[in-house]
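Chemist: Fold the following for me, if possible:
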Amino acid sequence: MSTLLSTLLSQIVNGLVLGSLIGLIALGYTMVYGVIQLINFAHGEVFMVGAYGGLATSTYLLPAILQQQWYIALPLLLVAGAAVSAAAAVAMERFAYRPLRDAPRLAPLITALGVSVALQEAVRVFYPGAISPLPFPRVFVEGAYVIPIGDGVPVRYTGVLIIVGSVVLAVALQRFIDHSRMGRAMRAIAQDRDIARLMGIDPDRVIVATFALGGVLAGVAGILYGADLGFVNIDIGFQTGIFAFTAAVLGGIGNIRGAVVGGLVIGLVKALGGQYLPGGTAYDYVWIFVVLIAVLVYRPQGFFGETERVRA
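Modeler: Reported below is the predicted structural model:
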């Protein structure tokens, strides 16, 4: 009995860690969609680029003596990963999406898929050894705390960092959107871009800030991913990006709280479904999308989304 309880709690912990990471990435999806109604399918690759940016910083710029001090190495890698991801996000907005801002919706959607492939191939071609998974430096306290329940429930310290970091950043982002001048401008652009322009708000500046902020969050998530799993590869953007997009839709795309909750739900479904549902880990993707379909059938706007009212 104690073994069964320990296994259940361990899977819940694993699901919360994965879900927190997914939710952090999903914030970028939901912010961009909330402001300009664009589904940025390249956002997963922004997350991947941030992870490689942190890896490059550690490999080529950070002295070995600093790499051994996690309280120095971790902040430096977080800043580097966030900067690289933000730069990639701003560049794709400026050169790929801005020229298509008034085009039919299908055009930027296809462009986003093209940008995703281009970023992945650029890393594969130009980053040394990127064709294979690369080890990521351990930039946080190693080991795990064992919760004394049943046979013991191990909680990795990096997992705790991911959960706490994701919650703190999500709360900070919500407060930024609600109370800062730029946050109010983002909400104004989301409601009516033309009226916001008449009120003196520069839409280009606000949209660039939105992409940059989403890129920063994705870069932080990339560093936390590498620190937790100990490796990165060029496929992590597509795999994790699919989960993050699903989380944003599940929670109500455009809603910050919904993105985090959707991420947690997907993390728990993946962990518990892989352990207890038929097919095991081979079918955990199936159960995630079964949950998504079931929610959208009965609540198409997601957990926290608002129903759009169309005036006659």
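
Chemist: Please count neighbours and contacts with C-alpha atoms only from this point.
Modeler: OK.

Chemist: and Pro63, how many neighbours?
Modeler: By other CA atoms under 10 Å, 12 other residues sit near Pro63.

Chemist: Over to Leu264?
Modeler: For Leu264, using other CA under 10 Å, the count is 23.

Chemist: Could I get the pLDDT score of it?
Modeler: Leu264 carries a pLDDT value of 95.

Chemist: Can you pull the phi and psi angles for it?
Modeler: Backbone geometry at Leu264, expressed as degrees, to the nearest 10, gives phi -60, psi -40.

Chemist: Find the residue closest to it in space, skipping its chain neighbours.
Modeler: Gly19 (3.9 Å; CA to CA, 6 or more residues apart in numbering).

Chemist: Enumerate every residue touching the one you found.
Modeler: Applying CA atoms under 8 Å, 6 or more residues apart in numbering to Gly19 gives the contacts 260, 262-268.

Chemist: Just those residues: which are in helices?
Modeler: 260, 262-268 (DSSP state H).

Chemist: Does the residue nearest to Leu264 belong to a helix, a strand or coil?
Modeler: Classification of Gly19 by DSSP: H, G, I helix; E, B strand; the rest coil places it in helix.

Chemist: how far is the helix or strand hosting Met182 from where the chain is centred?
Modeler: Here Met182 sits within helix 181-191, counting by DSSP states H and E. Centroid displacement of helix 181-191 relative to its chain, using CA atoms, centre = their mean, to the nearest Å, is 22 Å.

Chemist: Show me which positions of the next helix-or-strand element following it end up buried.
Modeler: Downstream of helix 181-191, the next assigned helix or strand under DSSP H and E is helix 193-198. Neighbour counts over helix 193-198 (16 or more other CA atoms under 10 Å) mark 193, 196 as buried.

Chemist: So what touches helix 193-198?
Modeler: 185, 188-189, 202-203.

Chemist: Buried only: go through those residues for me.
Modeler: 185, 188-189, 203.

Chemist: how about these, which pair is most distant?
Modeler: Spatially, the most separated pair among the buried ones among the contacts of helix 193-198 is Ala188 and Pro203, at 9.5 Å (CA to CA).

Chemist: Give me the local confidence score for the closest residue to Gly302 other than its chain neighbours.
Modeler: Nearest non-adjacent residue to Gly302, counting by CA to CA, 6+ apart: Gly252, 4.1 Å away. Confidence at Gly252, expressed as pLDDT, is 90.

Chemist: I'd assumed Gly305 was in contact with Gly252.
Modeler: Yes. With contact defined as CA atoms under 8 Å, Gly252 counts as touching Gly305 (4.0 Å).
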